[in-house]
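Undergrad: Everything below, folded, please.
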Amino acid sequence: MIRKLPTAQDTAAPRPHAQQDNSPPVLRPQLDPRWALGRQGFLAVALLCSLFVLASHVPLRSTDLWSHVAYGQWILQHGRLPTEDPFLPQYAGMPVVDTAWGSQVLLAGAYRLAGEEGLSLLYATVLLLAFAFFLRAVHLLTGHLGAALTGLVLAIGVGWSRLLTIRPENFGLLAFAVLLWLLARNERNWGGEADELVPEYPEAAGWMFPAVAALMVAWANLHGSFVCGLVLLGAYVLGAAIAAVREHGLAAWWKDRRMHRWLLLAEVALAATVVNPYGIGLLVHTVQFSANPNLKQIIEWYPLVLASSPGPEFACSLVVLLLWWRWSRKAVHPGHMAAWAVFAVATVLALRMIIWYALVFAYASAPHLLWLYRRWFPATEPAEATTETKDTAEEQPVSPWRWGWTLAAGAFVWSAFVLSPASSPLLGARKRTPYQIYHRMTTPYRLTRFLHRQKIRGLVYAPQHWGDWLLVHGPRGLRPWITSNIHLIPPRLWQDYLTVWQAYSGWERTLQRHRIETAIVDKNMQYRLYQAMRRSRNWQLVYDGPDGAVFRWVDANRRQSTSAARNQAASNPRGNKPATGPERSAEEPAR
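TA: So this is what the prediction gives:
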């Protein structure tokens, strides 16, 4: 074998740069600069997390929430939608169009998995997603995070009165925020320009058609508020028509392509709402629902009064609107103004529309508030970025202070999770008591425990706002006379209910005619009926607590006493006396 002799080059000492080349590479972490939050980014995270914590601690009220939970449980059990009220035979023959069946299934599923805490967590999550989408929508519209935060605060401040109750409407609020987000993506940076020129009215992009159609299909099966989405799209059609008249005149406005695109989008959205178990009948029923005469007695369907909430919030929004209308030189978006006008009129007619108005008002106001801010505080705004400055900014490292805001935001997210009841199973924290979960002023929790001990059965009179609660938490076999489904109540039955509520002349005969032997009274809202029953010789007070009172028909008490005596005689034929006296609860007064 011939071996190759080493040369001088091979035996020479390695050069210094060769040693550096053979050294292992140093791994340096590279973080995406998009995760580096600034002060405004931290404020956005903090505001949304605070909203989640507050929403997770909102007490459950004895409202229509429990009727929707009961309906959802029935749907899950039977695998179909009810055609009549499955819990109240006195409503027999009244057809049911369940406009919120999707939300009811979600609520019932959360209640089955985690009880009351599951309902609170679902409510807080839906509310968080709704305002996160709304914040992003205003950010896309204005291109300014500070303006988006201001819009979020305005929306919460104006519509807070409709945010304190857990109901299927919360899912409609989320869908409305998603629709605003889609519209904002289509009209990105409408408020970004600081000049006085009128921007061109945006055209409905092609990607919006499938996105809006999918959203409207889901919305129509979640809650009847999908009509608000159709109204918002109709306002954009009207805005496109106004822009076409302004540019082409009355003679040629119909030929404008942008108006045709928005009209076609509205038609697609309308067709998508037909994809539901009731077809076109769902839209007809939802439109006609507000005309039900029984709704005139419900507070949330009252016309707006400026002296009580949400009247002051609505008035303040008008003041803000007049301010930017007076001083802002920013072009007014015709679609925004049309939507604001429609929802403002709807809120004046029925105060329950305040939450939809709040979102539209804040969304339409944000570009003008941003213009005023830039006009009054020009020194705080950064200089306009050019191509060279953008390239230089990309080459420079991110400031450590921005990563500090990111760490602070992460700590805020973890703190929000720890402070919410959702962390109890993971961290082993103490669970909330029923008196912390339920709203004390509106939930008859102690009264319901008394009903269970007394084993009250059959048809009972109870105020409408407690009917749903008793339907789910009352004793098995108890049937409230009236629930929140007042649109299913025949007019004669509803008038009888109001006669008893106000203790009008003939209220006792009304209860006798319906064979009601147990009456549950809310002493705060039905004080007149409470006093009338206490004065009556035909009704006996069997429970008088801080949350309400229970009365029994005297003949019914006698029959119950006679039946109890017969049972005692049958079990004790020798007539021996019991060792102790009858046990009476501390909450049950002596008869």
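
Undergrad: contacts, neighbours, all on C-alpha from now
TA: Fine.

Undergrad: Now do stretch 71-91: distance from first to last residue.
TA: Terminal residues of stretch 71-91 are spaced 15 Å apart (C-alpha to C-alpha, to the nearest Å).

Undergrad: And that stretch, what's buried?
TA: For stretch 71-91, burial by neighbour count (16 or more other C-alpha atoms under 10 Å) applies to 71-75, 81-82, 84-85, 87, 90-91.

Undergrad: same deal with stretch 313-321?
TA: 313-314, 317, 320-321.

Undergrad: got it, and stretch 470-481?
TA: Neighbour counts over stretch 470-481 (16+ other C-alpha under 10 Å) mark 470-471, 474-475, 478-481 as buried.

Undergrad: For the residues you listed, which two are the farthest from each other?
TA: Farthest pair in those (C-alpha to C-alpha) is 475 and 481. Separation: 14.5 Å.

Undergrad: For the closest residue to residue 343 other than its chain neighbours, which residues are in contact?
TA: Once flanking residues are discounted, residue 343 sits nearest to residue 357: 5.2 Å by C-alpha to C-alpha, 6 or more residues apart in numbering. Residue 357 makes contact with 159, 340, 343-344, 347, according to C-alpha atoms under 8 Å, 6 or more residues apart in numbering.

Undergrad: Can you list the low-confidence ranges for this protein?
TA: Applying pLDDT under 70 to the chain flags the ranges 1-34, 189-199, 379-402, 556-591.

Undergrad: could you say which helix or strand contains the residue positioned nearest the centre of it?
TA: The chain has residue 170 as the residue nearest its centroid, 2.1 Å off, counting by C-alpha atoms, centre = their mean. Per DSSP states H and E: residue 170 is located in helix 169-186.

Undergrad: Repeat that for residue 239.
TA: Assessed by DSSP H and E, residue 239 sits inside helix 226-248.

Undergrad: Equivalent analysis for residue 150, please.
TA: Going by DSSP H and E, residue 150 is part of helix 145-159.

Undergrad: that older thread, so the residue nearest to the centre of the chain touches residue 128, yeah?
TA: No: counting by C-alpha atoms under 8 Å, residue 170 stays clear of residue 128, with 10.5 Å between them.

Undergrad: related to what we said a few turns ago, point out the other helices and strands that the helix holding residue 170 packs with.
TA: Applying 3 or more C-alpha pairs under 8 Å, 6 or more residues apart in numbering; DSSP states H and E, one finds that helix 169-186 makes contact with helix 101-142, helix 208-220, helix 226-248.

Undergrad: wait, which of those is closest to residue 501?
TA: Nearest to residue 501, of the helices and strands packed on helix 169-186 and by C-alpha to C-alpha, is helix 101-142 at 29.2 Å.

Undergrad: Hey, what's the angle from the closest one to helix 145-159? Just curious.
TA: Interaxial angle of helix 101-142 relative to helix 145-159 (axes from the mean of the first three to the mean of the last three C-alpha atoms, to 10 degrees): 140 degrees.

Undergrad: Mind giving me the packing neighbours of helix 101-142?
TA: helix 39-56, helix 65-78, helix 145-159, helix 169-186, helix 354-376.

Undergrad: again, 6 Å this time
TA: helix 39-56, helix 65-78, helix 145-159, helix 169-186 (3 or more C-alpha pairs under 6 Å, 6 or more residues apart in numbering; DSSP states H and E).

Undergrad: looking at those, which is closest to residue 508?
TA: Of all those, helix 65-78 sits nearest to residue 508, with 27.8 Å by C-alpha to C-alpha.

Undergrad: Contacts for the closest one next, please.
TA: 81, 104-105, 107-108, 167, 468-469 (C-alpha atoms under 6 Å, 6 or more residues apart in numbering).

Undergrad: let's go with 7 Å and repeat that
TA: Contact with helix 65-78 is made by 81, 101, 104-105, 107-108, 166-167, 468-469, 472, as judged by C-alpha atoms under 7 Å, 6 or more residues apart in numbering.

Undergrad: Mind putting these into a markdown table with distance to residue 227?
TA: Formatted as a markdown table, the contacts of helix 65-78 follow (distance: C-alpha to C-alpha, whole Å):
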| residue | distance to residue 227 |
| --- | --- |
| 81 | 21 |
| 101 | 16 |
| 104 | 19 |
| 105 | 21 |
| 107 | 22 |
| 108 | 24 |
| 166 | 20 |
| 167 | 17 |
| 468 | 26 |
| 469 | 28 |
| 472 | 30 |
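
Undergrad: So residue 540, which state does it fall into?
TA: Using DSSP: H, G, I helix; E, B strand; the rest coil, the structure places residue 540 in strand.

Undergrad: Now do the contacts for it.
TA: 551-554.

Undergrad: hmm, try it at 6 Å
TA: 551-552.

Undergrad: Quickly note the distance from it to residue 533.
TA: 8 Å.

Undergrad: Include distance to residue 180 and mean neighbour count when you put the helices and strands packed on helix 169-186 into CSV, please.
TA: CSV is the format used below for these (distance: least, C-alpha to C-alpha, whole Å; neighbours: other C-alpha atoms under 10 Å):
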stretch, distance to residue 180, mean neighbour count
helix 101-142, 6, 22
helix 208-220, 11, 20
helix 226-248, 9, 21
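
Undergrad: The spatially closest residue to residue 215 that is not a sequence neighbour: how many residues sit nearby?
TA: In this structure, residue 215 finds its nearest non-sequential neighbour in residue 175, 7.1 Å apart by C-alpha to C-alpha, 6+ apart. Here the number of neighbours of residue 175 (other C-alpha atoms under 10 Å) works out to 27.

Undergrad: what does the one 5 residues further on give?
TA: The local packing count at residue 180 equals 25, with neighbours defined by other C-alpha under 10 Å.

Undergrad: Quick check: closest non-adjacent residue to residue 422.
TA: residue 121 (6.5 Å).

Undergrad: which SS state does residue 315 fall under?
TA: Under three-state DSSP, residue 315 comes out as helix.

Undergrad: any idea how far residue 346 is from it?
TA: Residue 315 is 15 Å from residue 346, by C-alpha to C-alpha.

Undergrad: now the helices for the stretch 351-500 of the chain?
TA: 354-376, 387-395, 400-419, 424-427, 434-437, 445-454, 464-473, 491-501 (DSSP state H, counting those that start in this stretch).

Undergrad: want to throw these into JSON lines with distance to residue 235?
TA: Shown next, in JSON lines, are these (distance: least, C-alpha to C-alpha, whole Å):
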{"stretch": "helix 354-376", "distance to residue 235": "11"}
{"stretch": "helix 387-395", "distance to residue 235": "38"}
{"stretch": "helix 400-419", "distance to residue 235": "38"}
{"stretch": "helix 424-427", "distance to residue 235": "45"}
{"stretch": "helix 434-437", "distance to residue 235": "41"}
{"stretch": "helix 445-454", "distance to residue 235": "46"}
{"stretch": "helix 464-473", "distance to residue 235": "35"}
{"stretch": "helix 491-501", "distance to residue 235": "36"}
